[in-house]
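Participant: Any chance you can model this:
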Amino acid sequence: LYLAGAIGGIACIQIASLAITNLSLAAAWIALGITVFAVSVLPTALLIVDRPEDIGLSPDGLEPGPNPSTAVDVRQPAVPDEVDWTLRDAVRTRSLWIMIVVVGMLFMIQAGVSVHVGAFYQDRGLGITVVASAITINGIVSAVGSLVWGAVIERTPVRWAMVFLMVLSTVSTLMLFTVHSLFAAFAVSAVIGVVAAGGNVIPPVAYASYFGRRSIGSIRGIGETGVQVGQTIGPVLSGLSFDLGGSYRVAFWTFAILALVGAVLVSLASKPDATKLRRSAVGVRSKFRS
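Facilitator: Below is the predicted model of the structure:
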């Protein structure tokens, strides 16, 4: 899924670059609007089906019941030993709030860098074509990185994958200060792409790994609030740093330090103790029966 998104980002960067270079900024916005309408809006309206049952199919591996809409009981874990947390139980755990804060910090850093990285590269003496190429490399690496992170996260404890991702975010942010040439811009963009891919893949797996699938929508809904807050703060912080100080140095150093703090925090976010949840559920059922 994230591979497809990265491919779209690569294409749109090139479309915008060509339109700006040969026509104008307004032409770039028009070209992007037409592209989105043709590639996203029309296929979504004409081709997407909401449920397998709508076209006479059932979810993978399941036999349709008398009423296809009730073929699957989403309230019951598919695996006997699987523990599914409710939203009420999950918000009482320290691990959830650490994840929300750390993921919010990760996306604050990503947004604070990505929104301004084109201007930053130009301030370092790179032309717009080179800048567009560097950002394209970011998208290519992010696309491939999504596949790699997907394989890694199935073989690595999610907490330590998240720790490594935050440390790598620190490294990629500090590497921006080394950009003075085409090669350096490409190398830094590639590392930033690796971080972006990890940010897409790891957090959703972390939430599901820690809290199960039953309430994953509502739990991730709270988590996405942290993401949106972070994405709001990051670009503004970078912009203020430049407007007040004439450079992005303060913002980028702040991002690097926050990423290290996030690495320490997430290392403390062990998987919640499911035995307490089981005991609580048993007690509730016993009280209900009595």
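
Participant: Stretch 91-99: which residues count as buried?
Facilitator: Across stretch 91-99, burial judged by 16 or more other CB atoms under 10 Å covers 93, 95-99. (Each C-beta comes from the backbone N, C-alpha and C, glycine too.)

Participant: Next step: those restricted to helices.
Facilitator: Those of those mapping onto helices are 95-99, per DSSP state H.

Participant: mind checking which helix or strand the residue nearest the centre of the chain is in?
Facilitator: Centroid-nearest residue in the chain: Asn200, 2.9 Å away (criterion: CA atoms, centre = their mean). Using DSSP states H and E, Asn200 maps to helix 182-211.

Participant: Same question for Ser133.
Facilitator: Using DSSP H and E, Ser133 maps to helix 128-153.

Participant: Next, the angle from that helix to helix 182-211.
Facilitator: Counting by axes from the mean of the first three to the mean of the last three CA atoms, to 10 degrees, helix 128-153 lies at 30 degrees to helix 182-211.

Participant: Numbering from 399 from now on, please.
Facilitator: Yep, numbering from 399; the last one is helix 526-551 now.

Participant: Just after helix 526-551, pick out the following helix or strand.
Facilitator: Proceeding N to C from helix 526-551, the next assigned helix or strand is helix 556-573, under DSSP H and E.

Participant: picking up where we left off before, go ahead and confirm the residue nearest to the centre of the chain touches Leu401.
Facilitator: No. Applying CB atoms under 8 Å, one finds Asn598 not in contact with Leu401, separated by 9.7 Å.

Participant: what do those two both touch?
Facilitator: Common contact partners of Asn598 and Leu401 (CB atoms under 8 Å, 6 or more residues apart in numbering): Ser544.

Participant: How about the contacts made by Asn536?
Facilitator: 512, 587-588, 590-591, 594.

Participant: at 7 Å what do you get?
Facilitator: 587, 590-591 (CB atoms under 7 Å, 6 or more residues apart in numbering).

Participant: returning to that earlier point: just the pLDDT for the residue nearest to the centre of the chain.
Facilitator: Looking at Asn598, its pLDDT reads 88.

Participant: likewise Thr419?
Facilitator: 84.

Participant: can you check the one 3 residues further on too?
Facilitator: Per-residue confidence (pLDDT) for Ser422: 87.

Participant: Run a quick neighbour tally on the residue lying closest to the residue nearest to the centre of the chain once chain neighbours are set aside.
Facilitator: Excluding its sequence neighbours, the residue lying closest to Asn598 (CB to CB, 6 or more residues apart in numbering) is Tyr400, at 4.4 Å. Per other CB atoms under 10 Å, the neighbour tally for Tyr400 reads 19.

Participant: cool, and Pro450?
Facilitator: So Pro450, with other CB under 10 Å, has 16 neighbours.

Participant: ok, Gly619 to Ala594 distance?
Facilitator: 22 Å (CB to CB, to the nearest Å).

Participant: ok, back up a step: export the ones in helices among the buried residues of stretch 489-497 as JSON lines, with columns for distance to Val569.
Facilitator: Shown next, in JSON lines, are those (distance: CB to CB, whole Å):
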{"residue": "Ser493", "distance to Val569": "25"}
{"residue": "Leu494", "distance to Val569": "27"}
{"residue": "Trp495", "distance to Val569": "26"}
{"residue": "Ile496", "distance to Val569": "22"}
{"residue": "Met497", "distance to Val569": "22"}
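
Participant: Of these, which is the nearest to Gly660?
Facilitator: Lowest distance from Gly660 to these (CB to CB) belongs to Ile496, with 9.2 Å.

Participant: List the residues that contact that closest one.
Facilitator: The neighbours of Ile496, taking CB under 7 Å, 6+ apart as the test, are 663-664, 666-667.

Participant: 6 Å instead?
Facilitator: Applying CB atoms under 6 Å, 6 or more residues apart in numbering to Ile496 gives the contacts 663, 667.

Participant: again, but for the one 4 residues further on
Facilitator: Residues near Val500 by CB under 6 Å, 6+ apart: 660, 663-664.

Participant: Narrow those residues to those in helices?
Facilitator: Per DSSP H, helices hold the following members of the contacts of Val500: 660, 663-664.

Participant: so which of these comes closest to Gln508?
Facilitator: Of the ones in helices among the contacts of Val500, the one sitting nearest to Gln508 (CB to CB) turns out to be Gly660, at 12.0 Å.
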